[in-house]
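Chemist: mind folding the following:
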Amino acid sequence: MNGYWKNRIVSSKFYIGEIPHFRKHIKILKIAVTLILLFIVLRTAQIQLYKGKDFGNILNSTNISTYYTKAIRGEILDRNGVVLAKDYPSFSLYIPNRREFEYKNIAVLSNLTGKSAKRIRKILKVSTKNILIKRDLTREQVIQLELNRIDIKGIDIKVEPQRFYPMGNLYAHLIGYVSEVSRQNRESGYYQKYDYSGKTGIEKMFDKTLRGKDGIKKVAVNGMGEIIKTLENMPAKNGSSLILSVDSRLQKIVVESMRGKKGAVVIIRPDTGAILAMYSNPSYDPNQFVTGFTKVFWNKIKKNTDKPLINRAVKTYPPGSIFKVVTAAAALENHVINSTTKIFSPPQIKVANQVYHDWKKGGFGLINIHRAIASSSDVFFYKLGLMTGASKIRRMALKFGLDRNLFKLIGSQSGLIPSPAWKWRRFHKKWYAGNTISMAIGQGYVRISPLQAAVVTAVIANGGYFIKPHILIKKEIKRIKIIGNRTIKIIRSGMHDAVNSSIGTAFASRSNMIVIAGKTGTAQIIRTISRDKKNLHIPKKFIPDAWFISFAPYKHPKFAMAVFIENGGFGGAAAAPVAKRIYDQSVKAGII
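Modeler: Residues are numbered from 1 along each chain as shown. Alright, predicted model coming up:
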């Protein structure tokens, strides 16, 4: 270094060091640095000596976190393997922790999901963790939510099983639907939050079989949120599938045949008791109930005067003249009459100052049981009922499976076969001859369902065996002989001519494709109606219910059917044509 630069540095040092103001700042800086270092040392010592144990506990502490994996619900299939209900993967939007979600983003979530901001705020008040905002997101909604993840913190999209009913309204009342479990059900401990459970139909009857068992994973997590140990890891066990006895090809024919009509159709295999078809109209789409519904939708359903949620196939009604086969069986089995016994059947009879009319103005004259069934003579059965007695008619009805719940779907009713004892318990009134007269023709207090009517028909069709109806494919069938062969032959013959002879009430519905045997029924709601008058002046709700029970083919029956048309009018005019169409279309389709 030359002398010039050496003198300049020495000169600069001397000059700076001699400035009093700068020397003061240097001292302050030294003191500040010393104080900061001292604070750090003291704080470190405090943490080590006094707080070290607490921080160590935090780092070493473990919390148990539990994660559930939803089981896939079992499928529901028809007898040919057609899927009636299944699960499919669906996207659901959750907020894992309410504290990590910014409420200012509610409006954005509302816009992206279509759920109102008011509803989202209400949902957020219910819980703090694992909050379900919306199920069954569309692909577009998922894309938009993922694109906005940076701005909307604290949300999570999960893939979960979602129930789906491919047939829509075809099987709504029979299959039923699932929806989210209520708070009351969750408190039982069997269900988890946001679980589905069967609410109606097969979904409810076999809920435990179908739902399977959710998977569970329990892990130990330290204070830093790291998983340090897996304590339990049980994979989900999917639910078992069910194969039903129904035939979707036949069900579709039934649905088409009932279009525009209010009522129900039930078809049973006579030799096994297997339910082949069951439909109630009007129906509804069960898919609308799976993910929840709005108040507007629910109010619309409730205000619908046709009451689509009612399963008319298992609801009970006055059966009218189809009940005459039960009265006939009671009389024949108790040897009150035989096939040759003739009873005079005028246009009307008078019993205890009450006049009881036949549906036919001129009456039928002297006829036997065969003609009485075929032509549905009222007066014949008024007299036969009085000859047989209410108790014997009731005992026979019970053998047919009436007055009890044969198939415990939601809304299924037992019906009623009255007795003098029942009337006294219910009304504190005596039983009169008029009660027996009404009972004999399926009026008065008698109530049966279309399902029960189909079971009665199956007994006649299969040779007198009662078989409890069932919906699952079964190998073992329990048959109970309740009616003798002679009685069965007489009743079957009368039902054959009811359809295939000009004297029959269903002659207009005879088929050229298959031999049908049947019995019509007209259940009057008020007494002022007459077959000879049109029903135009009568309010719809007072028009009689129409019934038609039948089986076919006549010699080797494969179907036992009950058709019920609510406020349909006369059985031969309203219900029998529906049955004919179902038989004919089934023949064409190769089902029967």
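Chemist: how much space between residue 592 and residue 210?
Modeler: 30 Å (C-beta to C-beta, to the nearest Å). Bear in mind the C-beta positions are built from the backbone N, C-alpha and C, glycine included.
Chemist: looking at those two, which one has more neighbours?
Modeler: Counted by other C-beta atoms under 10 Å, residue 592 and residue 210 do not tie: residue 210 has more neighbours, with 27 against 20.
Chemist: what helix or strand does that one sit in?
Modeler: Using DSSP states H and E, residue 210 sits within helix 207-211.
Chemist: after that helix, which helix or strand is next?
Modeler: By DSSP H and E, the next helix or strand past helix 207-211 is strand 215-222.
Chemist: partners of that following strand in the sheet?
Modeler: Each strand that pairs with strand 215-222, with its direction, by DSSP bridges: strand 62-69 (antiparallel), strand 227-234 (antiparallel).
Chemist: now it: average pLDDT?
Modeler: Average pLDDT, strand 215-222: 82.
Chemist: what's the answer for stretch 40-48, then?
Modeler: What stretch 40-48 shows for mean pLDDT is 68.
Chemist: can you give me the helices for the stretch 51-200 of the chain?
Modeler: Here the stretch 51-200 of the chain has its helices, by DSSP state H, counting those that start in this stretch, at 52-60, 106-113, 117-126, 139-147, 172-175, 183-186.
Chemist: what are the pairing partners of the strand with the most length in the chain, and which direction each?
Modeler: Looking across the chain with DSSP state E, the single longest strand is strand 83-97. Using DSSP bridges, strand 83-97 pairs in its sheet with strand 76-77 (antiparallel), strand 129-137 (antiparallel), strand 156-164 (antiparallel).
Chemist: below-threshold pLDDT in the stretch 1-150 of the chain: ranges please.
Modeler: Applying pLDDT under 70 to the stretch 1-150 of the chain flags residues 1-26, 29, 43, 45-62.
Chemist: tell me the contacts of the closest residue to residue 129 other than its chain neighbours?
Modeler: Distances taken as C-beta to C-beta, 6 or more residues apart in numbering place residue 97 nearest to residue 129, at 5.6 Å, with adjacent residues excluded. Residue 97 sits next to 128-129, 154 when contact means C-beta atoms under 8 Å, 6 or more residues apart in numbering.
Chemist: where in this protein is pLDDT low?
Modeler: 1-26, 29, 43, 45-62, 186-189, 223-225, 526-537.
Chemist: at 80 instead, please
Modeler: Scanning the chain for pLDDT under 80 picks out the ranges 1-33, 35-68, 128, 182-190, 192-193, 221-227, 229, 292-295, 475, 525-538.
Chemist: so which residue is dead centre in it?
Modeler: Ranked by distance to the mean C-alpha position of the chain (C-alpha atoms, centre = their mean), the top residue is residue 176 at 1.8 Å.
Chemist: the residue nearest to residue 443 when sequence neighbours are not counted: how many residues sit nearby?
Modeler: Spatial nearest neighbour of residue 443, excluding adjacent residues (C-beta to C-beta, 6+ apart): residue 318 at 5.8 Å. Residue 318: 23 surrounding residues under other C-beta under 10 Å.
Chemist: can you give me phi and psi for residue 318?
Modeler: phi -60, psi 130 (degrees, to the nearest 10).
Chemist: mind checking how far it is from residue 461?
Modeler: Noted for residue 318: a distance of 23 Å to residue 461, by C-beta to C-beta.
Chemist: next up, the contacts around the nearest residue to residue 273 once chain neighbours are set aside.
Modeler: Leaving aside its sequence neighbours, residue 273 sits nearest to residue 467 (C-beta to C-beta, 6+ apart; 3.5 Å). Listed by C-beta under 8 Å, 6+ apart, the contact partners of residue 467 are 271-273, 455, 458, 477-480.
Chemist: and these, which are buried?
Modeler: 271-273, 455, 458 (16 or more other C-beta atoms under 10 Å).
Chemist: which one of those residues sits closest to residue 116?
Modeler: Of all the buried ones among the contacts of residue 467, residue 116 sits closest to residue 455, with 49.0 Å by C-beta to C-beta.
Chemist: nearest spatial neighbour of the closest one, chain-adjacent residues omitted?
Modeler: Residue 455 sits nearest to residue 401 (C-beta to C-beta, 6+ apart), 5.1 Å away.
Chemist: ok, now residue 124?
Modeler: residue 98 (5.9 Å).
Chemist: residue 125: how many residues sit nearby?
Modeler: 9.
Chemist: repeat for residue 238
Modeler: 19.
Chemist: and it, what does it touch?
Modeler: Residue 238 neighbours (C-beta under 8 Å, 6+ apart): 71-74, 212.
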